[in-house]
Structures are given as C-alpha cells and as structure tokens.
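Chemist: Model the structure of this input:
(2 chains)
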Amino acid sequence: MSHELLQTIWFILIAILWMGFFFLEGFDFGVGMLLPILGKNDIERRAIINTIGPHWDGNEVWLVVAGGATFAAFPHWYATLFSGFYVALFLLLVGLIIRGVGFEFRSKDQNPKWRSLWDWCIFLGSALPALLLGVAFANLTKGVPINANMMYTGNFFTLLNPYGLIGGLSLVAVFLFHGLNFLNLKLTGDLLERSRKLAPKVWVGAFVFLSSLVIATLLITDGYAKRGAVAFIFPLLALLTLLLAGILLQKKREGWSFALTGISVILIPVTYFLIMFPRVMVSSTDPNFSLTISNASSSAYTLNLMSIVALIFVPLVLGYQIWSYWVFRKRLENDPKNFHY
Amino acid sequence: MDPVILSRWQFGITIIYHFFFVPLTLGLGVFVAIMQTMYYRTGNETYNKMTKFWGKLFVINYAMGVVTGIVQEFQFGMNWSEYSRYVGDIFGAPLAIEGLLAFFMESTFLGIWLFGEGKLPRWIHLATIWMVAIGSTLSAFFILVANGFMQHPVGYVIVDAANRAELVDFLALLSNPKSLLFFWHTISSGFATGALFILGISSWHLVRKQADQIFKKSFALAAIIGVIAVASVGLAGHSQGQEMRKYQPMKLAALEAMWESEQPASFSLLTIGDMSGKKEIWSLRIPYVMSFLACNNFSCGLKGVNELQAEYQKEYGPGDYIPLMIVTYWSFRLMVGSGLVMLAVMFYALYLLWKKWPAKWMKWLKWMPLVIGLPLLANSTGWLLTESGRQPWIVQGLLRVEDGVSPNLTNGMILFSLIGFFVLYSVLIFADVYLLAKFARVNPDLEIKESEEITPSISGSGY
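Modeler: Residues are numbered from 1 along each chain as shown, chains lettered A, B, ... in the order given. The predicted structure is shown next:
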C-alpha cells in the first residue's frame, strides 16, 4: 500500500477510535455526572454506579488506545497536541484519576463522608474530561496558534475561546442525555421513573447546545469552504438524530432513543475529523504550518506494521467488548438486597 | 530550575509511584487466578474464600495501577515532545500495541470477572481472571520492549531528511536482549512482590490464629512460588549485569562507583564519594567479585568511569556522560540488599512449611508483615537504577535528555502539574493504604458468613 493510503487509513482508524470512545464513555461520563443528581440515597447511587460498573474501565481504554495510536501513526500530531494542550490534559488526567479510583473505592467504606467524597470525585471526574475533550476538539478544528516548527505557541486560555467553550458544553449536555438514555434501559423502580422524568428536560438542553455548536461550526471553521455541502450533512444529521431521539423518547421507545443519541454522539467526532482532513491540527498562525496526515505521520514501515496489528486485534476487541455488554444486558434490580458492597 | 529538571522530577515521581502498584498487579493477579483454578478443580470452599479475600485486595491495587498508568502514556507527549518526534516512529508502536492487545483485554475482562460471578458458567468466569492476568503480563512485555529501546536501541535507522529515527525491523525490536531480560526480571519481581504480600498478610492472621485454613494454604502457595520468583529475579539480574557490560558499560561502572578501569574487577562494599557524587574519597572492595558478576569469570576487565567518559567524549563530543553516581550506587545496593533479605525470608517460610509450623520458629511470624515493603523498595530502586544509569541519554547514544523535552513548556506550567500530581498522589496513597490495611485485616471466615445472608446479586457484587 502506498504511504498516502496508509496515512488516510490511520486517520480514519483514529477517528473510529474516537467514535467508539465518544459512544461508550459518552454514556458512562453521563451516568457519572448524573450520579449526585439522580441518586437520592446511598443505595440508589450504588445502583447507578452498577449500571456501568462492569464497563467503564474497558470504555476508557478507547481513549488510551486513541492516544497510543496517535503516537504510533502520527508522532508529530501526538507531540504537538499533548505538549501544546498541556494544562488541559493535566486536568483531564486528574479527572480520570479521581473518577477511576472513585468507582473502586467509594463502596469499600461505610462512612457517609467517605462515600460522598468519592461520589463527587466521580461527578467531577466525568464532567471535567467531557468538557475538556469538547473544548480540545473544537479548537483542533477551528485552529490554534502553531508555528513553523510544529510548536503550539498559545496557552491554556487560548483554548477557552467562545467556540471552544460551546464545543465543551455541548459535549457535556449530549453526554448527559446519552447517559440518561442508558439509565432508562438499565434501571428499575423509582429511580427509573426519575430518570425518565429528567430525560426530556436534559434533551432540550442537549438540543439547544448541539444546535449552537452546529451553527458555530459552520460559521467559524473552514469546513464549508473546504468540503462544501458535505460539511453540512453530517452535523445536520447529528441534530436530526438527536431530534428523533427526543421524539421517540416521548413515545416510550427508549431503545431507539438510546441508539439514535448514540449515532448523534458519534457524528460529532465524524464532523470534526471530516472538516480537519487531511489536516490533523489546524494552524491559525499560517495555514502552511498546519499538521497534516503527510507531514505528521510515521514511516510506511510502521504504518504497515500497525495496520496488520489493528486488522487482527480491533475485531477481537470489538468481539469481546460486545460480548461483555451482552452478558450484562439485563436491567438492574434496584433492591439493596441484590447488591452488597 | 529549568523545564528539563522539572520534567524529570515529574516523570520520576509519577513512574515510581505507578510502579508501586504494577508489580503487585502482575504477581497477585496470577495468584488469584491460581486460587480460583484450584477452587474450580477441587470445589474446596477454602479456595473460594482465598480467591475472594485476595481478589478484593487485587482490585484495590489494580485501580491505582490503571489510573496512574494513563498518566505515563500522556506524559511522553506532554513533557517530552521532542523525544516523541524523534523516536515516535519506533517507540509509539509498542505503546499502541500494548493498549490494543493488552490493556483492552485486562480492563474488559476485569469488569466481567468482578460483576460476572453467577451470570456466567463457572469455567468462563474462571477464564476471565486468567485473561486479566495474561493481559497484564502482555502489557508489561510491550512496555518493556519500549523501555528496552531507550537503553539499547535496535531495529532502526536514522533518517536525516526526516530528522528522526525510523523503525526498520520490528522483530529486532521485540527480541531486543535488553527488553527480554527486563521482562524476565520484572515478571519475576512481580511474582516475588505478590508472594511477599501474601506471606506478610497471611502471617498477620496466623499469629492471631484466625481463618487458619485459608492463610496456611495461602502462605504455602506464596512460599513455594515466591522462592522460585526471588531466585529468578536474581538470575535475571545477573544476566543483566553481563549484558550491561556490552551495551551500557557506563551504567555498570556507575552502579559500582568504579572510577578507574580494573582487571580483574573488585566489588565495592562501601564507597564514599564527595558531595558532587562524582569523585571517590574512600572505598572498601572485595577483589574478583565484580568480574564474576559481569562476566562469569574471575579475570575479565571492566572499564572505569574515567576511561568511559574519555571514550564517549571522543565519540559524541564534549559533555558529561557520567550518571549521578550516588543514585546509581546506592539504588543498586538497596535493590540487591532487599533481594537478599527476601531470599532469607523465603527460606524461613519454606522451613515453616517443611517442619509443619514448628512452635519454636512461629514467634518470628509477627514480623512478617514488614517484609511486604521489601519488594516495593527493590522495585523502586531497581527502576531508579536502570533509568538514572542511562543518563545523560534519553535514548542511549542517540538522544540526550535535554534534547527530548517539550520546548513550549514554561516552569510555571510544569510546576503546576508537578505539584498537582504530588498532592493528588499523596492523598490517594493514604486512601489506598487505608483500604488495603482494612481489607487485609478482615477475617474471611466471618465475612463469608455475613454475606451469605444476602442473595447473590443480579448486578454482581463489584467487590
């Protein structure tokens, strides 16, 4: 295979890893944020955590592998992005750390203060990464100051521009709704009733934010100039699926609502990657300084090697992760007798 | 202060902290898998209780290893972007493969193992814990392949046009002798760490005469696997000495604080240097021993630091090619020293087993919880030795540490994250040790009775 083709394949593969991550960790970030909002007492909060208990760790690996794949396939992208977004990534790591530890530690002590501390860690550790990733992707697409040596010349606050913040808040809102849809499929009893009641309200927020993100994306990025109508189709499709999800939710078709929201969530990174291509980081300093799949990539040898590895292992991973969801497909019984700590 | 020093401190602190948990995950995972296998084969309830008891401690430790591991993957890009650009073509591949092949496997199957009991056929539930153990072992392998490249780069060419090193031979990278020896050494010390952890906690319960069955069996399993593991760590280390003479002679000379070349080479019992750590004042040495350690004979010659420094200056230009001797010298001694104490502990444990718990020797048992710290000390100092002995190189002979750092970082940014990690990690270690100590002291015989009142959960217990 030619080097150009390999670079395109790896650009798509990394996009797929982000799609998988947004879909999966999207709802479990959402569930994490809903934990103190929906769970009125300790038992309810444990029930909420148990809906994602078997899965959150496996879901998070999608992010780790997206990072690793970027390192292996596009070392310059990895180097510029990770050193450039240094403070944001540090905060992201803090979020993921307190969240992961929170899941494992919170139920291992009876003290209510201990539990409440970790519950808030889970909340913060879900909200912060969702927000930061949204900010990061919006900025990647809009463009950030990068000089001729592929060095990021802005700082943390450069990222917190209005478009970046819309990107971040939209992701938080959409993930919240995605999480509620997941809980609607998993919970029972009172908790389910409350989750069902909250869903339409959150849907309104998600729809408003996503609409503003779509409009801002079309106005601010060079997507339309570069891609024409295609740049419209995918973000509008994301909005349309979210709209349909809300309608089907009203008609009690919760499975459909979850699936359609999932598609909407996936279409967010699809849109970003589509606008960026063939760039991987847009330079706002000078378009010629942008990182692209050709100036940021690994050698053909490494890309070939990684392609073989991916060809074998990606289907395998998909297979056992799907199996893990099948194993835990049932609704959770919201009865304290049914889960001890 | 400069960004290089601060970034080094941050990497050093976060990786050593991460490495408190990793070897225990590697070792304890296999122990738990063996226990569950024995329960599966014999149906003996004691093995079930063992699996539950050690499994809970395994999970508490595992969580810390995972969350601190993600930090490591990110830090290469965050603090060492020029390094990532220069060797990313090679170094990125094993990291990505680790994620795809190993990390996915251990994380997904751990979730299934934790929540899947009662939902899955018993043999499949057993298979999931083995998948976790295999996953973490594979993970160690690929990380050490990446690390081996930094110590002894192989399978690459320098491409001047791209101003970087590129991979040309993946098999050479995988079979790098440095990585294979690291893997042997690290996996063995993982087993040793798990074994001493089990011995220490079991002894605590045996002294209190509670859940005797469970802890005698645990003790026996740990003693038998442990003695093999500790011996294997030593053998691997010995082989590493010989290989170091070939590929990293400076590290070998530095861990001995050997300034002048010697033939045959002596082993330093105690060497005192001046405050700079770069000059010898006084030394007590045993003749011939170092030749044996490095070459398996009593006559080979070893190059001293001064001769190597002169050689390197000729080859790589002016500069200081001597690692910080006080660190390499003392971390080597602490590592080997704790290894020797571990071996003694293992023989004591085996003696107790062989003589069927002789009363006369049982009084020493109360000190055994202290030995849990020995492998942690050996693991940390071993890591410190191998990485600080590589200085001033980030990739031996190819790239210097100061050329690998991210050029855009300010002192303020790194201080912010360094202090942030330090504070967060300090708080977490308290929570972690608190939980480990709490669950290590639970009497598993009593605990099972309590939970029998609760019907098996549809959601799983998530213990």
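Chemist: My read is that B:Ala63 contacts A:Val101, right?
Modeler: Yes - with contacts counted by CB atoms under 8 Å, B:Ala63 reaches A:Val101, the gap being 5.6 Å. Glycine gets a C-beta too; all of them are placed from N, C-alpha and C.
Chemist: So what's the residue count around residue 95?
Modeler: In the absence of a named chain, chain A is used. 23 (other CB atoms under 10 Å in any protein chain shown).
Chemist: let's do chain B instead
Modeler: Neighbour number of B:Leu95 under other CB under 10 Å is 26.
Chemist: try B:Ile429
Modeler: For B:Ile429, using other CB under 10 Å, the count is 13.
Chemist: unless I'm mixing things up, B:Glu260 is touching B:Lys303, no?
Modeler: No - B:Glu260 is beyond contact range of B:Lys303, at 9.3 Å (criterion: CB under 8 Å).
Chemist: Which residue is the nearest non-sequential neighbour of residue 80?
Modeler: Picked chain A for this. A:Met150 (5.0 Å; CB to CB, 6 or more residues apart in numbering or on different chains).
Chemist: should've been chain B
Modeler: Here the residue nearest B:Trp80, using CB to CB, 6+ apart, is B:Gly404, at 4.9 Å.
Chemist: quick one: secondary structure of B:Leu181?
Modeler: With DSSP: H, G, I helix; E, B strand; the rest coil as the basis, B:Leu181 sits in helix.
Chemist: Distance of the residue nearest to B:Trp80 relative to chain A?
Modeler: 10 Å (CB to the nearest CB, to the nearest Å).
Chemist: Let me see the contact set for that residue.
Modeler: Going by CB atoms under 8 Å, 6 or more residues apart in numbering or on different chains, B:Gly404 touches B:Trp80, B:Glu82, B:Tyr83, B:Tyr86, B:Ile394.
Chemist: Turn those residues into JSON lines, columns for secondary structure and pLDDT.
Modeler: Below are the contacts of B:Gly404 laid out as JSON lines (DSSP: H, G, I helix; E, B strand; the rest coil; pLDDT from 0 to 100):
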{"residue": "B:Trp80", "secondary structure": "coil", "pLDDT": "96"}
{"residue": "B:Glu82", "secondary structure": "helix", "pLDDT": "94"}
{"residue": "B:Tyr83", "secondary structure": "helix", "pLDDT": "95"}
{"residue": "B:Tyr86", "secondary structure": "helix", "pLDDT": "95"}
{"residue": "B:Ile394", "secondary structure": "strand", "pLDDT": "93"}
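Chemist: quick one: contacts for B:Pro407?
Modeler: Counting by CB under 8 Å, 6+ apart, B:Pro407 has contacts A:Asn149, A:Met151, B:Ser81, B:Glu82.
Chemist: give the contact list for the second one.
Modeler: A:Met151 makes contact with A:Thr80, A:Ser83, A:Gly84, B:Pro407, B:Asn408, according to CB under 8 Å, 6+ apart.
Chemist: related to what we said a few turns ago, what would the contacts of B:Gly404 look like in JSON lines with distance to A:Tyr301?
Modeler: Listed next are the contacts of B:Gly404 as JSON lines, based on distance: CB to CB, whole Å:
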{"residue": "B:Trp80", "distance to A:Tyr301": "23"}
{"residue": "B:Glu82", "distance to A:Tyr301": "22"}
{"residue": "B:Tyr83", "distance to A:Tyr301": "20"}
{"residue": "B:Tyr86", "distance to A:Tyr301": "16"}
{"residue": "B:Ile394", "distance to A:Tyr301": "23"}
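Chemist: For the residue of the stretch 301-450 of chain B found nearest chain A, report the pLDDT, please.
Modeler: Closest residue of the stretch 301-450 of chain B to chain A, CB to the nearest CB: B:Ser406 (3.8 Å). Per-residue pLDDT puts B:Ser406 at 93.
Chemist: Show me which residues of the stretch 101-250 of chain A sit near chain B.
Modeler: Residues of the stretch 101-250 of chain A lying close to chain B by CB under 8 Å from any CB of the partner chain are A:Val101, A:Phe103, A:Glu104, A:Phe105, A:Ser107, A:Lys108, A:Asp109, A:Asn149, A:Met150, A:Met151, A:Tyr152, A:Thr153.
Chemist: any weak-confidence spans in chain B?
Modeler: B:273-279, B:447-463 (pLDDT under 70).
Chemist: Tell me how it divides into domains.
Modeler: Chain B breaks down into these domains under automatic domain parsing: B:3-247+B:323-452, B:249-315.
Chemist: sorry, back to before: torsion angles phi and psi at the residue nearest to B:Trp80?
Modeler: phi -100, psi -10 (degrees, to the nearest 10).
Chemist: now the helices for chain A?
Modeler: Counting by DSSP state H, chain A has helices at residues A:3-38, A:42-52, A:56-73, A:75-84, A:86-105, A:112-142, A:156-159, A:162-186, A:189-220, A:223-227, A:230-250, A:254-276, A:300-327.
Chemist: closest one to B:Met335 among these?
Modeler: helix A:86-105 (28.3 Å; CB to CB).
Chemist: If you compare the directions of the closest one and helix A:42-52, what angle comes out?
Modeler: Orientation check (axes from the mean of the first three to the mean of the last three CA atoms, to 10 degrees): helix A:86-105 against helix A:42-52 gives 110 degrees.
Chemist: Summarise which helices and strands helix A:86-105 is packed against.
Modeler: helix A:56-73, helix A:112-142, helix A:156-159, helix B:45-79, helix B:411-440 (3 or more CB pairs under 8 Å, 6 or more residues apart in numbering or on different chains; DSSP states H and E).
Chemist: list the contacts for residue 103?
Modeler: You didn't pick a chain, so chain A it is. Counting by CB under 8 Å, 6+ apart, A:Phe103 has contacts A:Ile49, A:Gly53, A:Trp56, A:Ile122, B:Ala63.
Chemist: was after chain B, sorry
Modeler: B:Phe103 neighbours (CB under 8 Å, 6+ apart): A:Val61, A:Val64, A:Val65, B:Gly135, B:Ser139.
Chemist: Save those residues as TSV, and put in neighbour count too.
Modeler: Converted to TSV, those look like this (neighbours: other CB atoms under 10 Å in any protein chain shown):
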residue	neighbour count
A:Val61	28
A:Val64	25
A:Val65	28
B:Gly135	22
B:Ser139	24
